[in-house]
Structure formats: structure tokens, C-alpha cells
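Student: this one's sequence-less:
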């Protein structure tokens, strides 16, 4: 068992056996460094990252053995908010993934050290609770661990690419080794002060996986219901109707026109996690965020939890191009799919080989919108354990 305490401004790490608290496996490691003027973290009473309540109806988990510990997650939090992980000291992970927007960005593309990102920064909320284990809109990262350092090594985003005159990731490692607070933090998290890309990936992935949202109106209703399809007792009739529209598959005629049933949203966005089906293909949005050319390889989506807040305001613009802050534009897109020039369209949007036409009424649009608001949590936007730990 590892403990961390402050004694007169001195950082103390002590290691003892889980079986015998009186047995010291290693001598106390004392680092003569005072964190109190840098980090707003109580190391005597760490935030709970590792044992947060998870509803029993949530069954998906892509941790793959990288199980969350409070010590490693708190290191991940520091890394996540540290602008020193960019070459010019202006950009951190949190610059593009902001807590107040469910860890997304409120602009359509994000600013990096050498320009702007090619796609909108997707929400990180509930990243752990998904069948899909690949990350980025185009799934180019096979795991969350791999994903965490790719923006750092990107020329545009954080700049440690080792190409085009950029410093390399090895240079970043050296910078962290020479930053007074990182060797003791890695010691605390991993039992030794060695800094490596693998450890950075583990720590950042643990922090991101700790960001969860299960205190929504939907969760209260789901906890009292036998399944997702049953009416939720705490829902209004409009919210329950919106839920049914979301969950039920549509019935199409031979021209691809909806004549009955729901909208089929859950075919790709699977309740109760509302994560993306790993087999999903392109959703019909083929443009680039800069407005030119096509982008057909986008097949992933973040969880739809906290896609909007409970008051109906958006957590940034939608989809990979940041198309709009108005959720109704999303419904308009799916109402009448455009297949022109898209050879990677998900077949679920082509019933009978025809482009989907949902024939949404205004009442149906409003009902779905009211249901989406029920997926918004509260704690995610304000909980200090996910906030910026730096005092300056």
C-alpha cells in the first residue's frame, strides 16, 4: 500500500506491504519539493477516481486491464491540464476538451500550436463505457492509451512531432524529467520516477476513463424501470415518446420513406451507454471542417450522453465538422440522407438501397430533443476532481 503525505512542505512517499502495515519494503522516499504553490491537490485525501458508482445496467468497459487507481489518475489529471506538454507552452489536452462542455470544445475546430485541428474535438465523457475500443473520428488509434499521446506528437496540435523542425517526444520526456514536480508525481503513481511514453499514456487514459456522467434524469428513470423500452416514471409524456422514437427501428416503404415506427437512432447509438456501434460506417456527413473537399472515413462518434445540457444548450457544435450548435440540424441531416459521392455510407441509412427519408414531424423533432436533454448529467461540469489542478 502506498501513501502520500505532506510534512512541512516536503513530499513524502512511503511504501508498505499490503499484508503487513508495519513492514516497509523500501525506505521512505523524500523529495524536497513543496507542491502547495503549484497544485490544488490534497495528496492526503485523493479524489475518488477508482471507485465511482456505476449503475448496474452499464455493462460496457474498454479499460483492457488499465484499471483506474487514484494515484495514477491524479497524475493523468496534471498531465491533461499541463500546457508544458506543447512545444510553446500554450496548449494542453484541456484546451480542446473543456470540462464546461463535457470535455469537448465550444468552437468547430480547435486551436493548436501550428494552426487548427482538422476535425471538431469530440466529447470525452464516458469514453470508458463503450464497445468501440478505437478512438478519433476515423478510428486511427487502436486504444485510448495510444490515442492520448498522438495529439502531443501532432505538428499542428501540440507540436512534439519530431518532424518539420519540431522537437521530438524524447525532448518532451526530457522536459518533464527537468520539471521539478513530475519525478515525484511519477514516483507516487508508479513507484519509481522514470518517465516514459507508456506511463504517460496509462495515466492520461486512466484520467479520461474516470470522466463519467450517470446522474442524469435518464439514469434516475432507468434505475426504476425493468429495461430501456419501458415507460420511465419520472419522464414527461413528451420525453417518453422521444425515447421510444430514439429506440424503435423505423418501418420504410419500398422507396426508403418512413411510414411507421421510430427513428432507429439506437441502431448506431446503443442504449443505455449511448455509445457508437463499432460496425458503424459513415453517417452521411462527408465534408471537411474547413468547408472544402470530402472526409468519408469518419465512422466513430462520442457517446450521446451530455451531447446537450439539461437546459437544451449544446456542448459545442455537432459532428466532426462542427456543423451547428442547434441540435435540430442533426435531426434535419438524418431526416433526408444525401448519398451523393459517398461510398462508405452506413447501410442502415439506405433502406432497400434507397436514401433514408424519415418524414419527421415538428412534434417528433421536439420530442426527441426533450429526450436528449434527459441524457445530460450535472456533476461532470463542476466536479473538482476533473478540473484544472494548477493554481496559476
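Tutor: Great, that's in hand. Treat the numbers as computed from the prediction; the structure is a model and nothing was measured.

Student: dump the residue contacts of residue 271.
Tutor: Applying C-beta atoms under 8 Å, 6 or more residues apart in numbering to residue 271 gives the contacts 228, 246-247. (Each C-beta comes from the backbone N, C-alpha and C, glycine too.)

Student: typed the wrong thing, it's residue 287
Tutor: The contact partners of residue 287, taken as C-beta under 8 Å, 6+ apart, are 293-295, 321.

Student: Please apply the same query to residue 354.
Tutor: Contacts for residue 354 (C-beta under 8 Å, 6+ apart) come out as 252, 254-256.

Student: Mind pulling up the pLDDT for the residue lying closest to residue 348 once chain neighbours are set aside?
Tutor: Nearest residue to residue 348, sequence neighbours excluded (C-beta to C-beta, 6 or more residues apart in numbering): residue 267, at 5.4 Å. Model confidence at residue 267, given as pLDDT, is 97.

Student: Likewise for residue 292?
Tutor: 86.

Student: helix/strand/coil for it?
Tutor: Classification of residue 292 using DSSP: H, G, I helix; E, B strand; the rest coil returns coil.

Student: do residue 207 as well
Tutor: Once three-state DSSP is applied, residue 207 turns out helix.

Student: Next, work out how far apart the closest residue in space to it that isn't next to it in sequence and residue 317 are.
Tutor: The shortest distance from residue 207 to any non-neighbouring residue, by C-beta to C-beta, 6+ apart, is to residue 76 (3.0 Å). Taking C-beta to C-beta, to the nearest Å as the measure, residue 76 and residue 317 are separated by 27 Å.

Student: ok, back up a step: for the residue nearest to residue 348, list the residues it contacts.
Tutor: Residue 267 makes contact with 249, 277, 348, according to C-beta under 8 Å, 6+ apart.

Student: Now tabulate these in TSV and tack on distance to residue 371, secondary structure and pLDDT.
Tutor: Listed next are the contacts of residue 267 as TSV, based on distance: C-beta to C-beta, whole Å; DSSP: H, G, I helix; E, B strand; the rest coil; pLDDT from 0 to 100:
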residue	distance to residue 371	secondary structure	pLDDT
249	16	coil	98
277	19	coil	97
348	20	helix	97
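
Student: so what's residue 50 up against?
Tutor: 67-70, 73, 210.

Student: On the three-state scheme, it is what?
Tutor: Of the three states, residue 50 takes coil according to three-state DSSP.

Student: Let's see the pLDDT reported for the residue nearest to it when sequence neighbours are not counted.
Tutor: Spatial nearest neighbour of residue 50, excluding adjacent residues (C-beta to C-beta, 6+ apart): residue 68 at 4.7 Å. Per-residue pLDDT puts residue 68 at 98.

Student: Residue 68 - how many residues pack around it?
Tutor: For residue 68, the neighbour count with other C-beta atoms under 10 Å is 20.

Student: what's the answer for residue 226, then?
Tutor: Neighbour count of residue 226, defined by other C-beta under 10 Å: 7.

Student: Next up, phi/psi of residue 328, please.
Tutor: Here is the backbone geometry of residue 328 (degrees, to the nearest 10): phi -60, psi -30.

Student: what does residue 188 give?
Tutor: When read as degrees, to the nearest 10, the backbone of residue 188 gives phi -60, psi -40.

Student: Tell me how far it lies from residue 174.
Tutor: Using C-beta to C-beta, residue 188 is found at 20 Å from residue 174.

Student: ok, the contacts of residue 50 vs residue 55, which is closest?
Tutor: Of all those, residue 210 has the smallest distance to residue 55: 16.0 Å, by C-beta to C-beta.

Student: Can you verify my assumption that the closest one contacts residue 51?
Tutor: No. The criterion here is C-beta atoms under 8 Å, and residue 210 misses it with residue 51 at 10.5 Å.

Student: between these two, which one's more packed in?
Tutor: More neighbours surround residue 210 than the other of residue 210 and residue 51, with 23 against 8 (other C-beta under 10 Å).

Student: who has more neighbours, residue 188 and residue 174?
Tutor: Higher neighbour count among residue 188 and residue 174: residue 188, with 23 against 13, using other C-beta under 10 Å.

Student: now that one: how far from residue 76?
Tutor: Counting by C-beta to C-beta, the gap from residue 188 to residue 76 is 12 Å.

Student: Could you do residue 89 as well?
Tutor: Distance, residue 89 to residue 76, using C-beta to C-beta: 20 Å.

Student: Please say which of these two ends up with more neighbours.
Tutor: Per other C-beta under 10 Å, whichever of residue 89 and residue 76 has more neighbours is residue 76, with 26 against 12.

Student: does that one sit in a helix, a strand or a coil?
Tutor: helix.

Student: who's in contact with it?
Tutor: Contacts for residue 76 were tallied using C-beta under 8 Å, 6+ apart; they are 203-208, 210.

Student: hmm, 10 Å instead?
Tutor: 49, 68, 93, 148, 189, 200-210 (C-beta atoms under 10 Å, 6 or more residues apart in numbering).

Student: Could you turn the buried ones of the residues you listed into a PyMOL selection?
Tutor: The buried subset of those, as determined by 16 or more other C-beta atoms under 10 Å, is captured in PyMOL by this line:
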select buried, resi 49+68+93+148+189+200+201+202+203+204+205+206+207+208+209+210
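
Student: Closest to residue 61 out of the contacts of residue 76?
Tutor: Checking the contacts of residue 76 one by one against residue 61 (C-beta to C-beta), the nearest turns out to be residue 209, at 8.7 Å.

Student: if I look at the closest residue to the closest one other than its chain neighbours, how far off is residue 236?
Tutor: Excluding its sequence neighbours, the residue lying closest to residue 209 (C-beta to C-beta, 6+ apart) is residue 128, at 3.8 Å. For residue 128, the distance to residue 236 (C-beta to C-beta) stands at 30 Å.

Student: Show me which of these two is the more surrounded one.
Tutor: residue 128 (25 against 14).

Student: Give me the local confidence score for the more buried one.
Tutor: On pLDDT, residue 128 comes in at 98.

Student: Distance check, it against residue 240.
Tutor: To residue 240, residue 128 is 28 Å away according to C-beta to C-beta.

Student: No more questions from me, cheers.
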